[in-house]
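K.L.:
Sharing a sequence plus its predicted fold:
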Amino acid sequence: MNKSTFRIIHMDCPSEEQLIRMKLEPLSEVKRIEFDIPDRRIVVYHDGPYQTIDTALTSLQLGSTMEHTEVSNDVVNDINDASDKDLLRKVLAINAGFFVIEVIAGVLASSMGLIADSLDMLADAIVYGMSLAAVGGAMARKKLIARLSGYFQLALAVAGLAEVVRRFAGAEGIPEYRTMMVVSLFALMGNAASLYLLHKRKSKEAHMEASYIFTSNDVIANIGVIVAGTIVYYTHNGIADLVVGTLVFFLVARGAVRILQLAK
């Protein structure tokens, strides 16, 4: 068994992790992949030389560089851990639940920030669902899930941005700041719970580390909506809400485009 370490410069979100996984898992020589997403490195346990793996990673155009390879005596266990599946189901349920709550509250409060944040929650749920579906699944099914998820997420982002443009051009009422702040606060607590569960697991598997980073980014979006609600309260103006909504919709669209790469 050989152990090769690669640095991936542009690996900074769950889409890149899934892209790398889908590229390498079909290779018969690859036995295990360990991701260090914060340090942008992966370790591949494999039979034979590393050149085939290096070529596959280079083709993704993510800035891959082979750092070193060595013979390894490590025992390679099955990466499809049942406890990881259970944890992913929990954070999937949290994000799916808050998506429903936030989208309803966003419509009632006329807040694009809340609606955008709800779609961000939905995007997370999609990523967690993809991670669950990828465990032990066939490559064709993984690509189909990625394609459907990406198009659905992109369509929601585009529709959201179109609504933001319409509201900028029209004379919409001021969003209900109390609902914005209270619901976002609960969503923040939900994401904090997800972070706690993910951190407690302390898994080094790709989908678990990616899920941790993705949820960390959601906390920023939640805080953004709370700040926007505060600005609405003091200024009696809904511009801050539209600005936050626009930023989050762009993030959702960016994630959708990356997910669509998985279907190629």
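P.N.:
Perfect, thanks for sending it.
K.L.:
which of the residues in the helix or strand hosting Ile101 are buried?
P.N.:
Under the criterion of DSSP states H and E, Ile101 resides in helix 82-109. For helix 82-109, the neighbour count (16 or more other CB atoms under 10 Å) marks 84, 87-88, 91-92, 94-96, 98-99, 101-103, 105-106, 109 as buried. (Glycine included, C-beta is placed from N, CA and C.)
K.L.:
Against which helices or strands is it packed?
P.N.:
Judged by 3 or more CB pairs under 8 Å, 6 or more residues apart in numbering; DSSP states H and E, the packing partners of helix 82-109 are helix 112-134, helix 177-201, helix 206-235.
K.L.:
distance between the one helix or strand Thr55 maps to and the chain's centre?
P.N.:
Using DSSP H and E, Thr55 falls within helix 51-58. A distance of 25 Å separates the centroid of the chain from that of helix 51-58, by CA atoms, centre = their mean, to the nearest Å.
K.L.:
Next: stretch 61-69.
P.N.:
With CA atoms, centre = their mean, you get 23 Å for stretch 61-69.
K.L.:
Identify each buried residue in it, please.
P.N.:
Across stretch 61-69, burial judged by 16+ other CB under 10 Å covers 62, 64, 66, 69.
K.L.:
average model confidence for it?
P.N.:
Taken as a whole, stretch 61-69 has a mean pLDDT of 91.
K.L.:
From the contact counts, what lies against the next helix or strand after the helix holding Thr55?
P.N.:
Moving toward the C-terminus from helix 51-58, the next helix or strand (DSSP H and E) is strand 64-71. Under the contact definition 3+ CB pairs under 8 Å, 6+ apart, strand 64-71 sits against strand 2-8, helix 51-58.
K.L.:
Thanks a lot, catch you later.
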